[in-house]
Structure formats: C-alpha cells, structure tokens
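Novice: pasted the sequence and its predicted model underneath.
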Amino acid sequence: MTVPTDRPTPTGAKPRITILGAGPAGIAAAYALSKGKAEVEVLERAPVAGGNSTSFQIDGIWCDYGSHRFHPVADENVLADVKALLGDDLLLQPRHGRIRLGGRWIHFPLKPADALLRLPKPFAASLLADMLLKPFRRKRTGEKSFSSILYDGLGRTISENFYFPYVKKLWGLDPDKLAVMLAERRVSSGSVGKILAKMMRMLPGMRGATTGRFYYPRKGFGQISQSMVDAASAQGAAFRFGADIARIERTKMQVTGVVVRDGDKEVRHSADQIFSTIPLTTVVRLMDPPPPPAVTMAADSIRFRGMILVYLILKTDQFTEYDAHYFPELSIPISRMSEPKNYNSATEPKGRTILCAELPCDPGEKWWDMSDEEIGHHFVKWLEGVGLPVTMEVDRCETRRLAHAYPVYDLDYQRHFETVDNWLLGLEGFLSFGRQGLFAHDNTHHAFAMAYAAVDSLRPDGTVDRAKWAAHRHEFESHRVED
Ligand SMILES: Cc1cc2nc3c(=O)[nH]c(=O)nc-3n(C[C@H](O)[C@H](O)[C@H](O)COP(=O)(O)OP(=O)(O)OC[C@H]3O[C@@H](n4cnc5c(N)ncnc54)[C@H](O)[C@@H]3O)c2cc1C
C-alpha cells in the first residue's frame, strides 16, 4: 500500500469537505467540521437523515429501525455532545427486557435473582459445570472460528442454547462459518465468569448510575441525528437529500470529485477531501475509472445482511411492559421484538401501540417479497407460539427493509475487506469510515467516535494526517457492540 500525500488547500482558505452519507457517521463529521474547521456539504441518497438510526412516526408513535438504544459506555466527548444537543429530551431509561431461554422468560439484561429462580435447573447446572470445568476443557484445534472461540471461552451450554442459534438467525450462516472477529466484536463477556460478574454489577449497591440503563430521546432514536443535522446546518453545513451519485472520479490515485445526477443533467462536486460513510462496496462500484480487478472482485465477495422491520399496529394502549423481547431460538425467525412506546415511556396516543419485529433476511429470501399483510399474519402466529398471544384487534401491518443491516463476517471476509480497505487507504483526497465505510459491526456511538477521529485527522490545509488516522483506526479495534 502506498501512503498518499494529499494536495494542500491554498493558505488562509478553509478546506472544502464533501461527505457521502448522512447516517450518524456522516452527520457527526458534518457537525464537528462545521464548527469552523471546514466548508461542508453532505450528499445523502435518502430523503431524510439518520441512516439505519433514523426514526419516523406511524399513527403518532415514534418508531426506529428495530430496537435502538444510546449506550452510556459512549466516549465522554460523544456523550457530552449528545447530552448538550438534546437537553431534557434525552431520557435515561431502565432496561427492561426479556429473553427466552430453555422455554422460559428471563429478565434481560440478566439479573442474579431472576436468573437463579427462572433458569431451568438442568440449564443452570450445566452452565455452572461449564464454568468449573473450563480449566480442564480441551481447546479446539484447527482453524479458529466463531464457534471454536465460544466453545473454548463459554462452553457448550450458553454457546449451543443462546449464541449459536442467535447468530445463525442473524447472519444466515452456521457458527463454524463465521469469523473469530464476530466473537471479538459481539461477545463482550467471553467467559461464564465474566457473565456472572456482569450480573453481579446489576445488584443494588454494586450498580453505577447508568448500570442497566440506556439513553433514549423523547422523539425516537433518530432525534439524536436530527439534532446534530440542525446544529450542523446552523453552523453552515449544507445537506443535499435525494442525491443520486453517478460516480466518484479519480485521476490515478487522486480522487478529484463526485458526480451527482440531477434529472438529465450531471453536477460535479469537487472538494479537498471526500469523507465517505456509504458502503465501501458501493464506493468501489462508483469509482471511475474502476479499481484494479483484484479490488473489484474482493468488493464483490463482501456481503451485508439485510433485515425486514415488521410493524404490527395494535388497537390497545400497551402490549406488554417490556421494552424488548429477545428470541435466540431458531423456531421463530425474528431475532428481537420491541414495543417503541416503552422506549420513551409514551402514554399517547391512547388505544394504539406498535410491535416492531426484526426479521434478518436478504433480498431474494422468501420473506423479502412477501406482502405486509402476509408477514403480519406470520408475526401474530410466531408470538402465539412463544406464549404471547395477540388478543386485541390488529389494525394493520407495515414493513421497512434495510439492505445493509449487518456486515457479514464469514471466514473469508477479512482478506476481502483488507484488499478493498488497503486500496481505499491509498487514495488521496478520500477517507472511508462509519459502520458501512469500515465494514464495522458497531453501535451509533462508535460511528460518532469514528467521525470525530476523521475530523481530528484533518489538517488546516485540508490534507489528512495519515499517521494520526492510522492510530485512530487502531483505537477502533477496541470497539465492542452493546445490545
Ligand atoms: C436492527 C439494528 C439495531 C441496532 N441497534 C442499535 C442500538 O441499540 N444502539 C446503537 O448505538 N446502534 C444500534 N445499531 C447500529 C446503528 O444503527 C449504526 O451503528 C449506525 O446507524 C451507523 O451509522 P453510519 O452512519 O455509520 O451508517 P448508516 O446508518 O448505515 O448510514 C449510512 C448512510 O449512507 C447513505 N448511503 C448509502 N448509500 C449511499 C449512496 N450511494 N449515496 C448517498 N448516500 C448513501 C444511507 O442512506 C445512510 O443514510 C443497530 C443497527 C441495526 C441494523
């Protein structure tokens, strides 16, 4: 990989930065840059801001693309900005969910007393045995995968009853076809001992002010992004929604501009830097001239998992008191169900609530082309099957589809990702970051942290301090997904 030397902006002038994508990463970059550091414009394909973290109303109820919480473990500066932007609209809510394990409902996040009383006894005994026998367990040999790492760390009980079916549902792949990285990113408690330690921190007296809690805005999770868009716009950032990017132009390894279709015309946007937060695979497809065949082929092998969000609109005030229900078992195809009104403790509108199911699914799978009504019927049946019958009148069902919900960390992804990433890193005037730009299975606060790091790496002359960016990239490796 050749390290690029970007062309500096003439002395005195502010650098001009074009940001691709107005999800949390793009928005946070626009917000931080427009505080006097650069002239900013954001090109977003969708008609609204927020990406996968946006919100919208259905019948007066704020809904998200599946369960979204802002986690208190966010970096201090990220949390401080979110608190300052939202003020009293940012609620600190207790987590109050349930998970189905061994046919029983257990509070989630796990609480010691509840788990002790409710876990089926054979399950609890086998979990304990896994913990006690860990030092004597024979480590798996051969190529490491998600399943071997979990067997070695957590043992059979929690791996086979919780993680394996859950990841199979989420990614559509067997756990031995998934990479070690998924375990590193996703499984923050790598041993039964750590799970128990986490549970102990839920005990009264052991808890911190935010243990077992999450931040959530009054007007849906997307209010976080929207408040940043408003602040960035007030600082002079320009947001262009509905932007149809035709190509990203380059001369050798220098990116020279982005061309956007406008009816039958084309408009060229040139900048000192393109900060891209759109999928790295899309970047490769838009690049003109195209990258070398090895890069294009690697990009073609990188996969994102899609998701259908199913919104069941019920004629009742509240379905249950729980914010979310988690379904690790394979007998039900949804991974999680949330009740949006319970996230912001909304009591209005009366006589209406919504259940949002997360159905992991790719375009082409049977669910993808099914009508809303048909999926709604299935949803009601799935709930009945787990002892949550829908006894009230169903008004209707609506769906939304995400093509880029989760990066797929299969066994080959790392080398494909590195091929594309290294080529993109070699481009002058271009920086890729965010969940889609770095193929990172991350939370929103991580997307914000990446954006702030990109802005920190921008020099006043519009070039990027590549050594600083490399150090930040190293920090991103410590990001762990919170559920
Ligand atoms: C089901 C689900 C639940 C989640 N729960 C949580 C949670 O509880 N807490 C949490 O912190 N995070 C959660 N996340 C993760 C969170 O949604 C992401 O971390 C966050 O949205 C990433 O922001 P981003 O800007 O990097 O990417 P995105 O949000 O994906 O934004 C990318 C943007 O790029 C735009 N774009 C794409 N292609 C183009 C193009 N060709 N031209 C122009 N624009 C383009 C998209 O329209 C989008 O606006 C969840 C994610 C999912 C899928």
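Specialist: Received, thanks.
Novice: identify the residues contacting the nearest residue to residue 343 once chain neighbours are set aside.
Specialist: The spatially closest residue to residue 343, leaving aside those adjacent along the chain, is residue 216, at 5.1 Å (Cβ to Cβ, 6 or more residues apart in numbering). Glycine gets a C-beta too; all of them are placed from N, C-alpha and C. Neighbouring residues of residue 216 by Cβ atoms under 8 Å, 6 or more residues apart in numbering: 69, 70, 90, 91, 93, 343, 344.
Novice: quick check: phi and psi at the second one.
Specialist: Right, the one you point to is residue 70. When read as degrees, to the nearest 10, the backbone of residue 70 gives phi -90, psi 120.
Novice: how about the contacts made by it?
Specialist: 82, 90, 214, 215, 216, 217, 221, 224, 444, 445.
Novice: for it, give the beta-bridge partners.
Specialist: residue 215 (DSSP bridges).
Novice: same thing with the fifth one?
Specialist: Bridge pairing for residue 93 (DSSP bridges) gives the partners residue 214.
Novice: surely it is in contact with residue 221?
Specialist: No: contact criterion Cβ atoms under 8 Å: residue 93 and residue 221 do not qualify, at 11.8 Å.
Novice: interface residues of the chain facing the ligand?
Specialist: For the chain, the residues in contact with the ligand (Cβ under 6 Å from any ligand atom) are 20-26, 43-46, 51-53, 65-71, 243, 245, 277-278, 282, 307, 358, 402, 404-405, 434-436, 442-445, 447.
Novice: in helices, which of those appear?
Specialist: 24, 25, 26, 282, 434, 435, 436, 444, 445, 447 (DSSP state H).
Novice: so which pair among those residues is furthest apart in space?
Specialist: Farthest apart among these by Cβ to Cβ are 282 and 445. That separation is 23.9 Å.
Novice: quick one on the thing from earlier: out of the contacts of residue 70, which is nearest to residue 157?
Specialist: Closest to residue 157, out of all of the contacts of residue 70 and judged by Cβ to Cβ, is residue 214, at 27.7 Å.
Novice: gap between that closest one and residue 71?
Specialist: Taking Cβ to Cβ, to the nearest Å as the measure, residue 214 and residue 71 are separated by 6 Å.
Novice: same deal with residue 24?
Specialist: 13 Å.
Novice: more crowded one of those two?
Specialist: With neighbours defined as other Cβ atoms under 10 Å, residue 24 and residue 71 compare such that residue 24 has more, 31 against 17.
Novice: correct me, but that one touches residue 49?
Specialist: No: in this structure residue 24 lies outside contact range of residue 49 using Cβ under 8 Å: 9.2 Å.
Novice: contacts only, for residue 31.
Specialist: With Cβ under 8 Å, 6+ apart, residue 31 has these contacts: 81, 228, 231, 232, 235, 237.
Novice: related to what we said a few turns ago, which neighbours do residue 93 and residue 221 have in common?
Specialist: By Cβ under 8 Å, 6+ apart, the residues touching both residue 93 and residue 221 are 69, 343.
Novice: so residue 282 and residue 445 - more neighbours on which side?
Specialist: A count of neighbours by other Cβ under 10 Å puts residue 445 above the other of residue 282 and residue 445, at 23 against 19.
Novice: ok, and residue 312, which helix or strand is that part of?
Specialist: Residue 312 belongs to strand 304-314 when assigned by DSSP states H and E.
Novice: give me the sheet partners of that strand and which way each runs.
Specialist: strand 353-360 (antiparallel), strand 394-407 (antiparallel).
Novice: the helix or strand that the last one is followed by vs strand 394-407, what angle?
Specialist: It refers to strand 394-407. Later in the chain than strand 394-407, the nearest helix or strand by DSSP H and E is helix 413-425. Using axes from the mean of the first three to the mean of the last three Cα atoms, to 10 degrees, the direction of helix 413-425 lies 70 degrees away from that of strand 394-407.
Novice: what's helix 413-425 packed up against?
Specialist: helix 280-286, helix 293-301, strand 430-432 (3 or more Cβ pairs under 8 Å, 6 or more residues apart in numbering; DSSP states H and E).
Novice: tabulate the ones you listed (TSV), appending mean pLDDT.
Specialist: Output for the helices and strands packed on helix 413-425, formatted as TSV (pLDDT from 0 to 100):
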stretch	mean pLDDT
helix 280-286	98
helix 293-301	98
strand 430-432	98
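Novice: can you tell me which of these is most buried?
Specialist: With neighbours defined as mean count of other Cβ atoms under 10 Å, the helices and strands packed on helix 413-425 peak in mean count at strand 430-432, which reaches a mean of 24.
Novice: adjacent strands (with direction) for that strand?
Specialist: Counting by DSSP bridges, strand 430-432 is paired with strand 273-276 (parallel).
Novice: what about the contacts of residue 70, which one has the most neighbours?
Specialist: Going by other Cβ under 10 Å, residue 224 tops the contacts of residue 70 with 30 neighbours.
Novice: what about that residue, which helix or strand?
Specialist: Counting by DSSP H and E, residue 224 is part of helix 222-234.
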